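Chemist: sequence and predicted model, in that order:
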Amino acid sequence: MRELKNPKLAVPIVLLAGIFWSFGPYVVRNIDQAHTVPWQYLFARGMVIFILLNFYLYLEEGLGFLKNYSKIGVSGIIGGIGLAAAMITFIWSITNTTAAITLLCLAAMPFITALLGFLFLKEKISMNVWISILIATVGIIIMAFGNHEKNTLIGFVLGIVSALGFSVFSVSLRWRKETPKFTTVALAGLICFFVSSAVMISKDLSFFSSSKNEALFAVHGTIVCLGMILYAIASKTIPAAELTLLSLTEVIGGIFWVWLPWLGINEIPGTNTIIGGFFIFLALFYYSLIIKSNRRFIALN
């Protein structure tokens, strides 16, 4: 895998990766009746992610990339299942609530990851990190209290589950650091492909949607892969604290694109979402400041 050694070049590349990811909610919002085709979406997106990442690995490593699948192990399987669950619950969340709520739930992922690392990997959590987790929890509670409608509350809960799935993926990589990251992500795409196929067969659903929707499914899978490749290339030269701040471009951009009136969605976050989001951003900013002396590089975490 290509890696940059100059942080000054790596920073804009990581920012670009976050911007790529931030267009995901906007793409979903342009899907015709997205709430009626989640399994078709997961089928196409999972297939695109699996194919593109394996193609990228082939360009990087030749046919030797196939050996990565034998190195996945239990940690890779758990990580792949966690990431697949995150992908599945993401589409159900964002089609049942606002993009802002879904994205702000995902912004809580570093704190959920810290808790899982504490519980399962015996990683120590400092008092400052506990404070960050508490601040983020307050923000999540405020958001929850502001969502009384049935479907919106379901979307909020699924957003938290999606963040939990991503955190399981991150912890699985920390558990066994030699686990091939891209191959684990490709496995998650394959799991989405098979799960959605099984559901559609059992419910006698069509595997395909309209040509417009299919194109958008593929576009979303592609921007996920492109962002991940850029992020992986650049991230190993940037400290974890800076990466935490830089990765906020995904959340901020995702909320901005669906709000921007002339892009046609004009989805305005509610008051509780804005207040809760402020607490989450405050927690992330504080978290980034307190780990400034931590020189670990978090790569795809």
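Modeler: On my side now, so go ahead. Numbering: from 1, shown residues only.

Chemist: so who does residue 111 touch?
Modeler: Shown in contact with residue 111 (Cβ atoms under 8 Å, 6 or more residues apart in numbering): 129, 132-133, 136-137, 283, 287. All C-beta spots, glycine's among them, are computed from the backbone N, C-alpha and C.

Chemist: go again using 10 Å as the cut-off
Modeler: Under the criterion of Cβ atoms under 10 Å, 6 or more residues apart in numbering, the neighbours of residue 111 are 125, 129-130, 132-137, 140, 163, 167, 280, 283-284, 287.

Chemist: where does this structure have low pLDDT?
Modeler: Scanning the chain for pLDDT under 70 picks out the ranges 1-8, 146-151, 234-248, 288, 290-301.

Chemist: spatially central residue in it, please.
Modeler: What sits nearest the mean C-alpha location of the chain, by Cα atoms, centre = their mean, is residue 166, with 6.2 Å.

Chemist: mind checking which of the contacts of residue 111 land in strands?
Modeler: Assignment to strands by DSSP state E places none of the contacts of residue 111 there.

Chemist: among those residues, which ones are buried?
Modeler: When these are checked for burial by 16 or more other Cβ atoms under 10 Å, the buried set is 129, 132-133, 135-136, 140, 163, 167, 280, 283-284, 287.

Chemist: hmm, which two among these are most spread apart?
Modeler: With distances taken as Cβ to Cβ, the most widely separated pair in the buried ones among the contacts of residue 111 is 135 and 167, at 17.6 Å.

Chemist: of the contacts of residue 111, closest to residue 16?
Modeler: The shortest gap between residue 16 and any of the contacts of residue 111 belongs to residue 284, at 19.8 Å (Cβ to Cβ).

Chemist: returning to what we had before: my guess is the residue nearest to the centre of the chain meets residue 173, correct?
Modeler: No: using Cβ atoms under 10 Å as the test, residue 166 is too far from residue 173 to be in contact (11.2 Å).

Chemist: buried residues, stretch 174-187. List them.
Modeler: Quick answer for stretch 174-187 (16+ other Cβ under 10 Å): 174-175, 179-187.

Chemist: I'd say residue 115 and residue 134 touch.
Modeler: No: at 11.5 Å, residue 115 does not count as touching residue 134 under the criterion of Cβ under 10 Å.

Chemist: any chance you could map the strands in the stretch 1-150 of the chain?
Modeler: Under the criterion DSSP state E, counting those that start in this stretch, the stretch 1-150 of the chain contains no strands.

Chemist: residues in contact with residue 218?
Modeler: Shown in contact with residue 218 (Cβ under 10 Å, 6+ apart): 27, 44-45, 47-48, 52.

Chemist: where does it land in three-state SS?
Modeler: helix (DSSP: H, G, I helix; E, B strand; the rest coil).

Chemist: how far away is it from residue 47?
Modeler: According to Cβ to Cβ, to the nearest Å, residue 218 stands 9 Å off from residue 47.

Chemist: residue farthest from the centroid of the chain?
Modeler: When distances to the mean C-alpha position of the chain are computed (Cα atoms, centre = their mean), the maximum falls on residue 204, with 29.7 Å.

Chemist: can you tell me the SS state at that residue?
Modeler: Applying three-state DSSP: residue 204 is coil.

Chemist: can we start the residue count at 20 from this point?
Modeler: I'll keep to 20 as the first residue from here, and by that count the last item is residue 223.

Chemist: let me see the backbone angles for it.
Modeler: With angles defined as degrees, to the nearest 10, residue 223 sits at phi 60, psi 50.

Chemist: please apply the same query to residue 52.
Modeler: phi 50, psi 60.

Chemist: tally of neighbours for it?
Modeler: Residues lying near residue 52 (other Cβ atoms under 10 Å) number 10.

Chemist: need the helices for the stretch 220-320 of the chain, in chain order.
Modeler: For the stretch 220-320 of the chain, applying DSSP state H, counting those that start in this stretch gives helices covering 230-254, 259-265, 267-278, 290-309.

Chemist: any idea how far residue 54 lies from residue 290?
Modeler: 25 Å.

Chemist: tell me which of these two has more neighbours.
Modeler: A count of neighbours by other Cβ under 10 Å puts residue 54 above the other of residue 54 and residue 290, at 12 against 9.

Chemist: contacts only, for the more buried one.
Modeler: Residues in contact with residue 54 (Cβ under 10 Å, 6+ apart) are 110-111, 113-115, 170.

Chemist: including distance to residue 270 and neighbour count, could those go into CSV?
Modeler: Listed next are these as CSV, based on distance: Cβ to Cβ, whole Å; neighbours: other Cβ atoms under 10 Å:
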residue, distance to residue 270, neighbour count
110, 17, 25
111, 19, 20
113, 13, 28
114, 18, 21
115, 19, 21
170, 22, 12
